[in-house]
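K.L.:
could you work out the structure for the sequence below:
(chains A, B, C and D)
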Number of protein chains: 2
Amino acid sequence: MTQPTENTSYKDIKQTVLARIRSGELQPDSLLPNEEKLAVEFSCTRTTVNRALRELADEGFLERRRKAGTRVLSAPQRQARFTIPMVRDEVEALGGTYRYALISAASQTAPEWLSARLALSPGQSVMHVRCMHFNGNTPFQYEDRWIVIDSVPQVKQADFSQTGPNEWLIQTVPFTNVELSFLASRADATVAGFLDVSQGEPIFTGERITWLQGQPVTFAKMYFAAGYRMTTQF
Amino acid sequence: MTQPTENTSYKDIKQTVLARIRSGELQPDSLLPNEEKLAVEFSCTRTTVNRALRELADEGFLERRRKAGTRVLSAPQRQARFTIPMVRDEVEALGGTYRYALISAASQTAPEWLSARLALSPGQSVMHVRCMHFNGNTPFQYEDRWIVIDSVPQVKQADFSQTGPNEWLIQTVPFTNVELSFLASRADATVAGFLDVSQGEPIFTGERITWLQGQPVTFAKMYFAAGYRMTTQF
DNA sequence: AAAAATTTAAAGTCTACACAAAATGGATGC
DNA sequence: GCATCCATTTTGTGTAGACTTTAAATTTTT
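P.N.:
Down below sits the predicted model:
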């Protein structure tokens, strides 16, 4: 067995510090020694310690403030990262064949609830696009989307018959700000029809609002087929 | 107006590269110049470029491979980070008063579905804990949890009458591996009763499995009160 | 005692350089 | 043609040191 190389990589330091937190050697809310001291302890440079602690802070275990030092968070803010794939990728990752179908696309003045939600001025026009995403012939997701025409004038020329509005938007609008929610909703007649489930069925639903520099761009509701689960590991 | 300091911080480089991707100057799937060339272009060191690109890769915009170089991801893998707070924190963040109540805690041999799910050997015993989390007097979450006794023997002495099993576990078991899922389920009689909704109501549900070095530790189902949504911004 | 100015400790970032590790693409051998 | 080996390119990570920025703590002033 070869002698392991010295444990002074930033990864080793991360591991060690984490272990100390978990073993209780580093109590919640307590201060860590400063970077210089740790560098001496691990016999490496401050740069290396810095990277280790910076990443641990990023991952939600530590809180760092200049001059105040580095503190163990009392409630380790574990955070799950969900990759938000495009539907096509998600279906293909399942080994299925992605198929897209446009249901309708038409411009109209924004309904009141939407104006309120996106803080639109009354009477602004929006493009309402509804479409389906299939896994083979099985419904996968029903998408109900509204696009603010003033924010994306090109949408009037867009052709949604072949590709979904999401793919189009991602290519066209370099969005800056997204709010994403997930909830459980109840299938109404429309949704039930498109997803081929009975009315009232619980539906895993996503809502997505996108802004471009403060301007609302799009509001989308995504209704997933029965049995869908969003999963992550960490 | 003072002359802005030269734009060569790693943040500026990130911004610039992102802008180039969004403007189409850097096409999806195309290769970026290598770090040395970019360092020359931005007149900074390779270290700085490295950090910028590393973070962009981390955020899902680029893919980096040694010798192969850095490539623009065709489908920018935007990923949402959801902080998984402890229920207490979540309620308190809403400005509410957290209250906990134990419903039952008893050990038994693992039911078949659980053994299958966690790959337990037949007949292993588990502790079954059910409890409620309230926001004031309003039900917030109903938790149905199973803890593998062989993996956490101390659980036999644990007292869940005052604090929930989740807080206890986090303190006790330095978990290494978590699988977290979210789905929409239908309230059965039990869930409906505890959450004070009518039976059949769609319920936003979380499932969490935790392992410690390959050993299954706990399986939990968390049923959220009606109207719950999990939200993130990025 | 309160407010304002100053000091100072800690993290944040950068430079410049070196060596390590991975993996590609070509060279070599069969 | 196919597999194996090897050189080379590119990212990954480390060292050593400096300067910057933030904000807590102290001192001075009001």
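
K.L.:
contacts and neighbour counts: CA atoms only from here.
P.N.:
Will do.

K.L.:
stretch A:38-53 - what's its average pLDDT?
P.N.:
Averaged across stretch A:38-53, the pLDDT comes to 96.

K.L.:
next, see if it gets close to DNA strand C.
P.N.:
Yes. Judged by CA under 7 Å from any atom of the strand, stretch A:38-53 comes into contact with DNA strand C through A:T47, A:N50.

K.L.:
ends of that stretch, what's the gap?
P.N.:
Using CA to CA, to the nearest Å, one end of stretch A:38-53 lies 10 Å from the other.

K.L.:
and that stretch, does that touch DNA strand D?
P.N.:
Yes. Against DNA strand D, stretch A:38-53 shows contacts by CA under 7 Å from any atom of the strand at A:S43, A:C44, A:T45, A:R46, A:T47, A:T48.

K.L.:
ok, the third one - contacts?
P.N.:
Residues near A:T45 by CA atoms under 8 Å, 6 or more residues apart in numbering or on different chains: A:E36, A:A39.

K.L.:
and what of the last one?
P.N.:
When contacts are counted by CA under 8 Å, 6+ apart, A:T48 touches A:S9, A:Y10, A:A39.

K.L.:
please identify which pair of the residues of stretch A:38-53 next to DNA strand D lies farthest apart.
P.N.:
Pairwise distances across the residues of stretch A:38-53 next to DNA strand D peak at 11.6 Å for A:S43 and A:T47 (criterion: CA to CA).

K.L.:
what's the domain layout of chain A?
P.N.:
The record's domain split for chain A, according to automatic domain parsing, is A:10-72, A:87-224.

K.L.:
circling back: quick one: the contacts of A:T48 as CSV, columns for secondary structure, neighbour count and distance to B:M230 too.
P.N.:
Converted to CSV, the contacts of A:T48 look like this (DSSP: H, G, I helix; E, B strand; the rest coil; neighbours: other CA atoms under 10 Å in any protein chain shown; distance: CA to CA, whole Å):
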residue, secondary structure, neighbour count, distance to B:M230
A:S9, coil, 16, 37
A:Y10, helix, 19, 34
A:A39, helix, 19, 40
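
K.L.:
and the helices in chain A?
P.N.:
Listed in chain order, the helices of chain A (DSSP state H) span A:10-23, A:35-41, A:46-58, A:87-93, A:112-118, A:165-172, A:189-195.

K.L.:
list the buried residues in the fourth one.
P.N.:
The reference is to helix A:87-93. A:V87, A:R88, A:V91 (16 or more other CA atoms under 10 Å in any protein chain shown).

K.L.:
quick one: contacts of that helix?
P.N.:
The contact list for helix A:87-93, computed with CA under 8 Å, 6+ apart, reads A:T97, A:Y98, A:R99, A:H133, A:N135.

K.L.:
which of those residues sits closest to chain B?
P.N.:
A:Y98 (15.5 Å; CA to the nearest CA).

K.L.:
per-residue pLDDT, the nearest residue to that closest one once chain neighbours are set aside?
P.N.:
Spatial nearest neighbour of A:Y98, excluding adjacent residues (CA to CA, 6 or more residues apart in numbering or on different chains): A:N135 at 5.1 Å. pLDDT, A:N135: 94.

K.L.:
what sits against A:V155?
P.N.:
By CA under 8 Å, 6+ apart, the contact set of A:V155 is A:M127, A:I147, A:I149.

K.L.:
likewise for A:L120?
P.N.:
A:L114, A:P216.

K.L.:
chain B contacts on chain A?
P.N.:
For chain A, the contact set with chain B under CA under 8 Å from any CA of the partner chain comprises A:22-23, A:75, A:77-86, A:174, A:177-186, A:201-204, A:227-234.

K.L.:
could you check how far whatever residue of chain A ends up closest to DNA strand D is from A:N135?
P.N.:
Among all residues of chain A, A:S9 sits closest to DNA strand D, at 2.3 Å; criterion: CA to the nearest atom of the strand. Distance of A:S9 to A:N135, given as CA to CA: 45 Å.

K.L.:
for A:S104, list the residues it contacts.
P.N.:
Residues near A:S104 by CA under 8 Å, 6+ apart: A:H128, A:V129, A:R130, A:C131.
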